[in-house]
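A.B. asks: Could you look at this predicted model? Sequence included:
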Amino acid sequence: MLCRNNIDPFDEPECEACDIFVNELLCIGAGCPYSCVKRAPHAFAYAEDIGTARAISQGIGDSYLVELAVGQCPRKCIYYVTPCQRTILEDVLASVLMTPHDLSEAAVLDSLTSKAMFENNRYKPKRETKSSSDYVDWL
């Protein structure tokens, strides 16, 4: 998906947030008692270079196992994002990991993930509830 020109995807998300981003700076990795990699191996794997969890598949944010992994992450380091947001966040994360002593980039990453959470939840489509009259007692 191409990002729209001159529009900040963190201010105006281009679509529903179904991609997954893991802030590897916060991730516990293999020592996590609620491992997203074990819970949803189709979506997460351990990064060989630093041993933290990393999203390996995108667009499956509605998978029940992915939802469990995101909800049970003890460090709250897994985010639902749009494709454009993910591209930017991955670039910033890569920059932080290359120069670990530059804390300003880590602050930018934290700011962007917070903004993405706010905007994406604000515009998140509501799921329709299923209604049934099968077990309704009509007196």
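C.D. replies: Looks like it came in fine.

A.B. asks: Confirm that residue 26 lies within a strand, as I assumed.
C.D. replies: No: going by DSSP: H, G, I helix; E, B strand; the rest coil, the assignment for residue 26 is coil, not a strand.

A.B. asks: Who are the contact partners of the residue nearest to it when sequence neighbours are not counted?
C.D. replies: Counting by CB to CB, 6 or more residues apart in numbering, the nearest residue to residue 26 once its immediate chain neighbours are dropped is residue 77, at 3.8 Å. In this view, the C-beta of every residue, glycine as well, is placed from N, C-alpha and C. Taking CB atoms under 8 Å, 6 or more residues apart in numbering, we find residue 77 in contact with 22-27.

A.B. asks: bridging residues for the most centrally placed residue in the chain?
C.D. replies: Among the residues of the chain, the one closest to the centroid is residue 79, at 2.2 Å (CA atoms, centre = their mean). With DSSP bridges applied, residue 79 shows beta-bridge pairing to residue 21.

A.B. asks: Output the longest helix along the chain as CSV, nothing but the C-alphas.
C.D. replies: As assigned by DSSP state H, the longest helix anywhere in the chain is helix 103-122. This file holds the C-alpha atoms of helix 103-122, laid out as CSV (Å, rounded to 0.1, in the frame of the first residue of the first chain):
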residue,chain,number,x,y,z
LEU,A,103,17.8,8.3,23.2
SER,A,104,16.1,11.0,21.1
GLU,A,105,15.2,8.4,18.4
ALA,A,106,13.8,6.2,21.2
ALA,A,107,11.6,9.1,22.4
VAL,A,108,10.4,9.7,18.8
LEU,A,109,9.4,6.0,18.6
ASP,A,110,7.5,6.2,21.9
SER,A,111,5.7,9.3,20.8
LEU,A,112,4.7,7.8,17.4
THR,A,113,3.4,4.6,19.0
SER,A,114,1.4,6.6,21.5
LYS,A,115,-0.1,8.7,18.7
ALA,A,116,-0.8,5.7,16.6
MET,A,117,-2.7,4.0,19.5
PHE,A,118,-4.8,7.1,20.1
GLU,A,119,-5.7,7.8,16.5
ASN,A,120,-6.2,4.2,15.5
ASN,A,121,-8.5,3.4,18.4
ARG,A,122,-10.3,6.7,17.8
